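need a 3D model of the following:
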Amino acid sequence: MAKQPIHVSLVVFPESDPSIIFGVFDTLWAAGQLWESLHGRQAGTPLFTPRLVGAQSGPISLVTGVSILPQDTIDEVQTTDIVFVPNVIVNSPEALRGLDRRLLAWVRKRFEAGAHVYASCGGSLAIAEAGLLDQFEATTHWAYVDLFRREYPAVKLSHKRLLVQTGPDQRIVCSGGASSWQDLVLFLVAKHGSAEEALRLSKLFLYQWHREGQLPYACMMQNVDHDDHVVSEQQVWIAENYARANLVTELVRRSKLPESTFSRRFKAATGYTPLAYIQTLRIEEAKQMLEASAVPVELISAEVGYEDLAHFRRLFRRLTGMSPAGYRRKFRLPAYAGGAAEAPSFVPEADRSLAS
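Model prediction:
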C-alpha cells in the first residue's frame, strides 16, 4: 500500500505576509512529483498534502493588503502531522496580544496532540505567544530580537542561528528572518521526506542554504525611542563623530555623569554598552561602504575609526559572521543590476591621494 502523504497545515493569520505562505505551499506541493514531471517522466507520488488553515471560513485580508482564502478552518482540522506557522508582522506587545487567540490555541492543541510545529521568521513570536517555547531555545528575525526578549524572557533566544530545533522530542523548529523560510522548508522535506528530495527542490526553485546564518543580513536597530535625554544627546553626537578616537571617554565627559552611571543608563536606554554601540555603528558604516563602493578595505577601516586593519577584520567578522571581502562579494550589486559595481567608487576626502 502506498504511503499516505504527510498532512501539513499552514496557519494563516491576518498579520501574515503571503510570500512565505505561498512559497512554502508550492514547495510542499512539488515535493515528490514535480522533479519527475519536469524531466518528461510520469509525475511521482506527492510527499505532502499542504492545506491553508484559517480561524474561520471566508477570505482573510492580510497585512500587505491582499486576500487569501483558506482551504480549511481550525474546526475542520482535528488531526494534522505538521503545523507550519509563517511570519507575522508585529512591532509591539499590543500587536502580539492582538494575534488571533483561536489560532494560537489551535496550534498549541495540535502540538499537544503530537504534531510537529515549524515557525518561520516572526512565526516564532506567535508560537512563543502560544506558550510553546518557554524554557526552550528559539530563533527569529534579527529585527524582532528586542521585542522577543522583552516579551518572552523565559525563552532562550539564539538570534544568530538560522535554524533551531527545539521543544519536547525536538518537535519544534524555528527559522530566522525573511528568506530563511527556504532553509526551513528544505529541512522539513529532508526530515519528513528525504534528503534527496530536499536537494532536488533546492535545484528546482534555486533555493540556497544560508550557511553563514543571519548575522550578515542584520542591521543595527538604534533605540532612540526612550526618555533619557542625556543618552539621546550622546547618540546624536556619536552619529556625527563615530570615527574619532577615545570616544567612550569623551562621551562620559560630555554627559557630566560618573562613568558607571553613564554606562548603566546608556545600556538601559539603548540595549548596548557604549563601546558595543560605537563598534556596531562603525561596522554598519563599513558595511554600507562595502556595498556601495570599490574602496579598499584598509581605507574603509581607517575611515570608520580603525587604523589597525587586523582588529577591524576581527571585529567585522564577529559582528557579521563574514570577512569584509566576503561581505562585499555577497552584498554588492552585480554590474547587470546597474548598482554599485558600475557606480563611482566612494573614496574618503582625506585618502584620495592614497587611492590614486
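
show me the contacts for R282.
Contact partners of R282, counting by Cβ atoms under 8 Å, 6 or more residues apart in numbering, are Y242, A243, V304, G305, Y306. To be clear about C-beta, it is placed using only N, CA and C from the backbone, and glycine gets the same treatment.

for those, work out which two are farthest apart.
Using Cβ to Cβ, the two most remote members of the contacts of R282 are Y242 and Y306, lying 11.0 Å apart.

more neighbours, the two?
Using other Cβ atoms under 10 Å as the criterion, Y242 and Y306 rank with Y306 on top: 21 against 17.

doesn't R314 make contact with that one?
No: applying Cβ atoms under 8 Å, one finds Y306 not in contact with R314, separated by 10.0 Å.

so how far is the strand or helix carrying V117 off the chain centroid?
Element membership for V117 (DSSP states H and E) is strand 116-119. Centroid separation for strand 116-119 versus its chain: 16 Å, with Cα atoms, centre = their mean, to the nearest Å.

packing partners of that strand?
strand 82-85, helix 101-112, helix 123-129, strand 172-175, helix 181-192 (3 or more Cβ pairs under 8 Å, 6 or more residues apart in numbering; DSSP states H and E).

could you dump these into a markdown table with mean neighbour count, distance to V230 and mean pLDDT added?
Below are the helices and strands packed on strand 116-119 laid out as a markdown table (neighbours: other Cβ atoms under 10 Å; distance: least, Cβ to Cβ, whole Å; pLDDT from 0 to 100):
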| stretch | mean neighbour count | distance to V230 | mean pLDDT |
| --- | --- | --- | --- |
| strand 82-85 | 26 | 42 | 98 |
| helix 101-112 | 18 | 41 | 97 |
| helix 123-129 | 26 | 32 | 97 |
| strand 172-175 | 28 | 38 | 93 |
| helix 181-192 | 22 | 42 | 90 |
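
need the ones you listed in JSON lines (columns: distance to W237).
Formatted as JSON lines, the helices and strands packed on strand 116-119 follow (distance: least, Cβ to Cβ, whole Å):
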{"stretch": "strand 82-85", "distance to W237": "43"}
{"stretch": "helix 101-112", "distance to W237": "44"}
{"stretch": "helix 123-129", "distance to W237": "34"}
{"stretch": "strand 172-175", "distance to W237": "38"}
{"stretch": "helix 181-192", "distance to W237": "40"}
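
can you say which of those is nearest to P93?
Short answer: helix 123-129, nearest of the helices and strands packed on strand 116-119 by Cβ to Cβ, at 10.1 Å.

ok, the helix or strand following the closest one: who's next to it in the sheet?
Note on helix 123-129: by DSSP H and E, the next helix or strand toward the C-terminus is strand 137-138. Take DSSP bridges as the rule and strand 137-138 pairs in its sheet with strand 156-157 (parallel).

residue boundaries of the strands in the chain?
6-11, 48-54, 60-61, 67-68, 72-73, 82-85, 116-119, 137-138, 156-157, 163-166, 172-175 (DSSP state E).

which residues sit against the last one?
Counting by Cβ under 8 Å, 6+ apart, strand 172-175 makes contact with 111, 116-121, 123-124, 127, 132-133, 136, 138-140, 162-166, 181, 183-184, 187-188, all of which sit outside it.

and if you look at the second one?
With Cβ under 8 Å, 6+ apart as the test, strand 48-54 has contacts from 5-12, 21, 24-25, 28-29, 31-32, 60, 68-74, 77, 84, 103, 106, 189, 192-193.

report the buried members of those residues.
In terms of neighbour count (16 or more other Cβ atoms under 10 Å), the buried residues within the contacts of strand 48-54 are 5-12, 21, 24-25, 28-29, 31-32, 60, 68, 70-71, 74, 77, 84, 103, 106, 189, 192-193.
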